[in-house]
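# Next come a sequence and a model predicted from it.
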Amino acid sequence: MPAPGRTSIDAIVRAAAELLEANGPDGLSMQAVGATVGVRAPSLYKHVPGRAALVRLVAADAARDIGSRVDAAAPPGMPPRAALGAAVRALRSFGRERPAAFRLVFSPGDEEARPDPEILRRAAATVLRISTELAGPERALEAARTLTAWASGFVSMELADAFRMGGDVDAAFDFGIERLAEALAG
């Protein structure tokens, strides 16, 4: 086995994220990550103090990824309603590509495995900006929470295959975006 110095925190987080997607939260163990990066599990403790810290690093990485995707999809200067649609479509795309990471960020869990609040604030900055543009500064936080709750709930239901009444789920998603934009701007 390679010496612990031959791996990095980035390699460990990448391996853990891949294992999370492949095997779910129960398959995310120090032993599995160690095997993936080519070190014995005890050597990982020189980089990560335990499983909760590992999960926290994966959740933080996922939150940063969500924030980057939303930022790129809805840059400043884009009309607010178009930005709202682009932002939630970016979130939906993330959820479809990385469903386990999506659930990790948007589901209740162990508090010590949650990312640092500052990481979450940065990830939400574009949504808060769009919400400010649509609802005004005095209602921006409420608007951002409403938008995030709707979008994460929709994606969570979609990932759970909970839309079983027929119809076009994409059309329902677009309908929700339109109604939210109208309500927030109203």
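Everything's here; your move.
# you'd agree residue 120 is up against residue 63?
Yes: under the criterion of Cβ atoms under 8 Å, residue 120 makes contact with residue 63 at 5.7 Å. (Each C-beta comes from the backbone N, C-alpha and C, glycine too.)
# Tell me the buried residues in whichever strand or helix holds residue 130?
Element membership of residue 130 [criterion: DSSP states H and E] is helix 125-135. By neighbour count with 16 or more other Cβ atoms under 10 Å, helix 125-135 contains the buried residues 126-135.
# With stretch 42-51 instead?
43-44, 47-48, 51.
# before we move on, the earlier item: more neighbours, residue 120 and residue 63?
residue 63 (23 against 17; other Cβ atoms under 10 Å).
# ok, now which ones touch the nearest residue to the more buried one once chain neighbours are set aside?
Nearest residue to residue 63 in three dimensions, chain neighbours excluded: residue 123, at 4.4 Å (Cβ to Cβ, 6 or more residues apart in numbering). Residues counted as contacts of residue 123 (Cβ atoms under 8 Å, 6 or more residues apart in numbering) are 63-64, 66-67, 70.
# sorry, back to before: just name the closest of the buried residues of helix 125-135 to residue 29, please.
residue 127 (33.2 Å; Cβ to Cβ).
# Chain neighbours aside, what residue packs nearest to that closest one?
Spatial nearest neighbour of residue 127, chain neighbours left out: residue 144 (5.0 Å); criterion: Cβ to Cβ, 6+ apart.
# Ok, residue 128 next?
Nearest residue to residue 128, sequence neighbours excluded (Cβ to Cβ, 6+ apart): residue 144, at 4.8 Å.
# how about the one you found, what does it touch?
By Cβ under 8 Å, 6+ apart, residue 144 lies in contact with 124, 127-128, 130-131.
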